[in-house]
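# Structure for this input, please:
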Amino acid sequence: MRRTLLIPWIVAIGSVFVQETAYAGPRRYEVTVTNLTRGESFTPILVATHRVRPSVPLFQPGAAASAELATLAEGGDTVPLATVLSASGDVSAVNTSEGLLAPGQSVTITVEARRGSKQLSLAAMLIPTNDAFVALNGVSLPARRGSQAMYSAVAYDAGSEANDELCANIPGPVCGGEGESPGTTAEGYVHVHAGIHGIGDLSSATYDWRNPVARVSIERTR
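Residues are numbered from 1 along each chain as shown. Reported below is the predicted structural model:
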């Protein structure tokens, strides 16, 4: 009699265990980035999920940019920074969008996060600029499935290349110049970008901006 009464409880417990196991994998997020500028495009956007205190932070405002971040900010190449982040035990996952994101357009990047990863960072170069990049640096991920978090992202200056606004030093379809300009005089630290002033080959009327430069929506889908 007692054994018969125990059977429904055993079945119920087993059912709960199976349900929990089915959702024990990494969480999944859809990150939608909208370009709010009038004349700047975003290069491929790098997105990373990580612990609250990653061993390799994206950047520290007021401090020198890493060589990998400078490469992204000057030439739009995400591979070196993605490689460094992927090698960190505090970083859960890294993904990158494809192609350029034109003014007024949006793109959605899917990224996962393991248990313990509660923050997200992203970065992409603004073109045409010398070394401007849009970024979120360690913002909170939404906790519940189906919930969303909204953020405004500003443009930073990597401080790794002089803002001469000369097309010879600016890559991309507008200028077609060189991405990296080693040896040029620059500020030497990451700071909020001051925009385009029309001192070189770029028209401020066309390419200048005011912050924020992007709207970012993060939705937990699993």
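
# What is the neighbour count of Pro57?
Other residues within reach of Pro57, judged by other C-beta atoms under 10 Å, total 17. (Each C-beta comes from the backbone N, C-alpha and C, glycine too.)

# need the contact list for it.
Applying C-beta atoms under 8 Å, 6 or more residues apart in numbering, we find Pro57 in contact with Ser121, Asn137, Gly138.

# who wins for most neighbours among these?
Ser121 (21 neighbours).

# these two touch, right, it and Asn137?
Yes: using C-beta atoms under 8 Å, Ser121 makes contact with Asn137 at a distance of 5.5 Å.

# Buried ones in stretch 169-189, by neighbour count?
Neighbour counts using 16 or more other C-beta atoms under 10 Å place Asn169, Ile170, Pro171, Gly172, Val174, Cys175, Gly177, Gly179, Glu180, Ser181, Ala186, Tyr189 of stretch 169-189 among the buried residues.

# I misspoke; the intended subject was stretch 155-169.
Of the residues in stretch 155-169, 155-161, 163-167, 169 count as buried by neighbour count, 16+ other C-beta under 10 Å.

# Determine which two of the residues you listed are furthest apart.
Tyr156 and Cys167 (21.8 Å; C-beta to C-beta).

# Lowest-scoring secondary structure element of this protein by mean pLDDT?
helix 2-22 (a mean of 42; mean pLDDT, DSSP states H and E).

# where's the nearest residue to Thr185 once chain neighbours are set aside relative to Gly172, distance?
Once flanking residues are discounted, Thr185 sits nearest to Ala162: 5.3 Å by C-beta to C-beta, 6 or more residues apart in numbering. For Ala162, the distance to Gly172 equals 18 Å [C-beta to C-beta, to the nearest Å].

# still on that earlier bit, which residues are in contact with each of Ser121 and Asn137?
Common contacts of Ser121 and Asn137 (C-beta under 8 Å, 6+ apart): Pro57, Leu58.

# Per-residue pLDDT of Pro57, please?
Per-residue pLDDT puts Pro57 at 75.

# ok, now how distant is it from Ala143?
Look at Pro57 and Ala143: by C-beta to C-beta, they are 22 Å apart.

# List the contacts of the residue nearest the centre of the chain.
Taking C-alpha atoms, centre = their mean, the centroid of the chain lies closest to Leu122, which sits 1.1 Å from it. When contacts are counted by C-beta under 8 Å, 6+ apart, Leu122 touches Val31, Val33, Ile45, Leu46, Val47, Ala48, Val134, Ala135, Leu136, Ala153, Val216.
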